[in-house]
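1. Got a sequence here, can you model it:
(one chain, ligands or ions: 1)
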Amino acid sequence: MAAVNAEPYEFEFDPKTTALVMIDFQRDFVDPGGFGEALGNDVSLLRRAVPPAERVLKAARARGLMVIHTREGHRPDLSDCPPAKKARGRLAAGIGDPGPMGRILVRGEEGHDIVKELYPEAGEPVVDKPGKGAFFATDLDGILKNRGIRQLVVCGVTTEVCVNTTVREANDRGYDCLVLEDCVASYFPEFQKAALAMVKAQGGIFGWVSDSGRFLEALARAK
Ligand code: TIU
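-> Take a look at the predicted model:
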């Protein structure tokens, strides 16, 4: 067992029942020249989360924690993409259309894949999800339950969209979630702040918030 210095109080975890969940670190969201940037977003705000997330990923692998990656995207025929999702935003180039790194949010395309620094290793499940939450229409819950996982340490993008949705879904399914604030990022600084505040408010209504430094310290001490 180990305890991470966190808000609203320490997060207790057992490395054997804890998974590191890396949410949607995809080139199209994070890299210059991708879909996120084409929408007018400043991707440097997201890029900032990559180095601390890489440190956490390496430490989790070294300590033998289960590591899971997710990617948001759709089948090439878009049969799993709700028409409402495709239409949203009235974008000139949206889901399924040609983008700077291949078809936007389509599985198998360059932009849909994970940035090289955080690339999955053999044996680490990659969950392809059609929605914002990683539990919706995926086998993530089964994968976690089959391994006896009860606590999730969460990194990823974006904080108020796929990270927050996933943490809420996980909370309702009985998992304890720790969000590492320097390993999650938003295109909007005010949303980053609010999304983290929402997780830890009201005694930790959805979970706990800490950072990579405090988590790595606890992991190094974990029995
Ligand atoms: N992964 C994720 O957060 N998907 C998004 O669409 N995020 C936005 O902030 N747009």
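2. Mind listing residues that contact stretch 38-48?
-> Contacting residues not belonging to stretch 38-48 are listed as 29-32, 34, 36-37, 91, 93, 99-100, 157-158, 182, 185-187, 189 [Cβ atoms under 8 Å, 6 or more residues apart in numbering]. In this view, the C-beta of every residue, glycine as well, is placed from N, C-alpha and C.
3. So which of these are in helices?
-> When DSSP state H defines the helices, the subset of the contacts of stretch 38-48 inside them is 29, 30, 36, 37, 189.
4. Of those, just the buried ones, ChimeraX syntax please.
-> The ChimeraX command for the buried members of the ones in helices among the contacts of stretch 38-48 (criterion: 16 or more other Cβ atoms under 10 Å) is given here:
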select :29,30,36,37
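5. and which of the ones in helices among the contacts of stretch 38-48 is nearest residue 163?
-> Relative to residue 163, the closest of the ones in helices among the contacts of stretch 38-48 is residue 29; by Cβ to Cβ it sits at 11.5 Å.
6. mind checking pLDDT for that closest one?
-> At residue 29, the pLDDT value in this model is 97.
7. That one contacts residue 157, correct?
-> Yes - counting by Cβ atoms under 8 Å, residue 29 touches residue 157, with 5.3 Å between them.
8. Who are the packing partners of whichever strand or helix holds residue 164?
-> Following DSSP states H and E, the helix or strand that holds residue 164 is helix 164-172. Helices and strands touching helix 164-172, by 3 or more Cβ pairs under 8 Å, 6 or more residues apart in numbering; DSSP states H and E, are strand 151-157, strand 176-185, helix 189-204.
9. and that helix with the ligand, contact?
-> No - Helix 164-172 does not reach the ligand (Cβ under 6 Å from any ligand atom); its nearest approach is 7.9 Å.
10. and that helix, C-alpha only, in PDB?
-> What follows is helix 164-172 as a C-alpha-only set of coordinates in PDB (Å, rounded to 0.1, in the frame of the first residue of the first chain):
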ATOM      1  CA  ASN A 164     -13.500  14.400 -16.700                       C
ATOM      2  CA  THR A 165     -16.000  12.300 -18.500                       C
ATOM      3  CA  THR A 166     -13.900   9.200 -17.900                       C
ATOM      4  CA  VAL A 167     -13.400  10.000 -14.200                       C
ATOM      5  CA  ARG A 168     -17.100  10.500 -13.700                       C
ATOM      6  CA  GLU A 169     -17.900   7.200 -15.400                       C
ATOM      7  CA  ALA A 170     -15.200   5.400 -13.300                       C
ATOM      8  CA  ASN A 171     -16.600   7.000 -10.200                       C
ATOM      9  CA  ASP A 172     -20.000   5.600 -10.900                       C
END
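11. Dump the helix or strand of the chain at the bottom of the mean pLDDT ranking to PDB, keeping only the CA atoms.
-> Ranked by mean pLDDT, DSSP states H and E, the weakest helix or strand in the chain is helix 35-38, scoring a mean of 88. The C-alpha trace of helix 35-38 is given here as PDB (Å, rounded to 0.1, in the frame of the first residue of the first chain):
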ATOM      1  CA  PHE A  35      -6.700  18.600 -36.000                       C
ATOM      2  CA  GLY A  36      -6.600  20.400 -32.700                       C
ATOM      3  CA  GLU A  37      -4.400  23.100 -34.000                       C
ATOM      4  CA  ALA A  38      -6.400  23.300 -37.300                       C
END
